[in-house]
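Trainee: pasting a predicted model and its sequence here:
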Amino acid sequence: MAEALNGNRRILVVGGGIAGLSAALEAAEAGFPVSLVEKEAYLGGRVARMNKYFPKLCPPNCGLEINFRRLKNNPLIQIVTLAEVEKVEGEAGNFEVSLRINPRYVNEKCTACGLCEAAAITEVPDPFNYGLKQVKAAHLPHEFAFPLRYVLAPEVIGTNEAEQIKARLAQFLRDDLKLELSEEKTLITHARTGAARFLGYEITVQHGSRKIVRGRRAVNGSIGLRVPRSVIKAKSARYMQRGKPARRTQLMNIDDHDIMASTGPSTGASSSTTCWPATSRD
Ligand code: SF4
């Protein structure tokens, strides 16, 4: 059955409460790709909102945390929050499902630093607490929210307050972190969806889903260091002529050893001052 269902087929689990979470995890751990769709901004459903739960009367974060860890470690599960099923078409074994995804107004680069919350003024009823208390318009859905990402209430979108929050973030980067931002030279990211620039190099966090080793993406989380094409071009410009390596006729009658000894950081030094061991020539 596993083989029949694998291939391009994907299991859709609607609802990211404890039942949906368990179903998605069990299916994914049996080898099936799963899409887990949740209408709230976080997973855990009603259990996440409880104080204690049966049978051991532990706090919900205790049991949920284990499942969230399993989720994080399973590349076969795609999590879609703030999404609702709009249409289901097809037949058993071949469904096509349309989702409506409500905006979070915060992308996956959020590190949950809380700056936007500190800068927000407007308060809205807290959906996590059934509207019984107020939260800032920029808020974390709850303390143990998974995914750990803020949401912006639609009430402030397009208002002056949203602009003020953005300005406060820019000020924090400038005044507290002493970062001079240059669109050209600096790109600040979490290096997952875009490369971070540092000293002319590009740093990326590899995120591949093709190669799976022992159930995990082989390159997931590995740090990549790249020299951008523009840097290579600038460095090699003085050796190029009309887009091709220039002929340096003055070096034609000099042997490789002498060329090596007279270029690069050791320019002008004799070969005996380099860290290279004695060559066969010596
Ligand atoms: S959205 Fe808010 S909490 Fe998230 S990184 Fe931006 S400022 Fe920090």
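Mentor: Everything's here; your move. Residues are numbered from 1 along each chain as shown.
Trainee: tell me the secondary structure at residue 62.
Mentor: Classification of residue 62 using DSSP: H, G, I helix; E, B strand; the rest coil returns helix.
Trainee: typed the wrong thing, it's residue 253
Mentor: Classification of residue 253 using three-state DSSP returns coil.
Trainee: what's the local residue count around it?
Mentor: 7 (other CB atoms under 10 Å). Where you see a C-beta, it was placed from the backbone N, CA and C, and this is true even at glycine.
Trainee: for stretch 61-77, buried residues please.
Mentor: Burial within stretch 61-77, assessed by neighbour count using 16 or more other CB atoms under 10 Å, is assigned to 61, 63, 64, 67, 68, 70, 71, 75, 76, 77.
Trainee: point me to the residue of the stretch 151-282 of the chain nearest the ligand.
Mentor: residue 169 (5.6 Å; CB to the nearest ligand atom).
Trainee: wait, doesn't that residue sit right on residue 115?
Mentor: Yes: the pair residue 169 / residue 115 is scored as a contact, 5.7 Å apart, by CB atoms under 8 Å.
Trainee: of those two, give the one with the bigger neighbour count.
Mentor: For residue 169 versus residue 115, the count of surrounding residues by other CB under 10 Å is larger for residue 115: 18 against 14.
Trainee: measure that one to residue 165 for me?
Mentor: 8 Å (CB to CB, to the nearest Å).
Trainee: where helices are concerned, which of the buried residues of stretch 61-77 count?
Mentor: 61, 63, 64, 67, 68, 70, 71 (DSSP state H).
Trainee: just give me the closest of those to the ligand.
Mentor: residue 68 (18.5 Å).
Trainee: wait, that closest one sits on residue 146?
Mentor: Yes: the pair residue 68 / residue 146 is scored as a contact, 4.6 Å apart, by CB under 8 Å.
Trainee: where do the contact lists of these two overlap?
Mentor: residue 43 (CB atoms under 8 Å, 6 or more residues apart in numbering).
Trainee: what residues does this protein put near the ligand?
Mentor: Within the chain, the positions adjacent to the ligand are 106, 110, 111, 112, 113, 114, 115, 116, 138, 150, 169 by CB under 6 Å from any ligand atom.
Trainee: of those, select the buried ones using a PyMOL command.
Mentor: In PyMOL syntax, the buried subset of the residues of the chain next to the ligand is picked out as below (16+ other CB under 10 Å):
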select buried, resi 110+115+116+138+150
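Trainee: lowest-confidence one in the residues of the chain next to the ligand?
Mentor: Confidence by pLDDT is poorest for residue 169 among the residues of the chain next to the ligand, given 78.
Trainee: tell me how far it lies from residue 49.
Mentor: Look at residue 169 and residue 49: by CB to CB, they are 30 Å apart.
Trainee: same thing with residue 97?
Mentor: 27 Å.
Trainee: pLDDT weak spots in the stretch 151-282 of the chain?
Mentor: Within the stretch 151-282 of the chain, the segments meeting pLDDT under 70 span 178-211, 213-224, 262-282.
Trainee: go with 90
Mentor: Residues of the stretch 151-282 of the chain that meet the criterion pLDDT under 90 lie in 154-282.
Trainee: dump the residue contacts of the residue of the stretch 151-282 of the chain closest to the ligand.
Mentor: Residue 169 touches 115, 116, 119, counting by CB under 8 Å, 6+ apart.
Trainee: nearest to residue 175, of the residues you listed?
Mentor: Relative to residue 175, the closest of those is residue 115; by CB to CB it sits at 12.2 Å.
Trainee: contacts only, for that closest one.
Mentor: Contacts of residue 115 (CB under 8 Å, 6+ apart): 168, 169, 172.
Trainee: look at residue 147 and tell me its secondary structure.
Mentor: Residue 147 - assigned by three-state DSSP - is coil.
Trainee: what's the burial count for it?
Mentor: Quick note: residue 147 (other CB under 10 Å) scores 17 neighbours.
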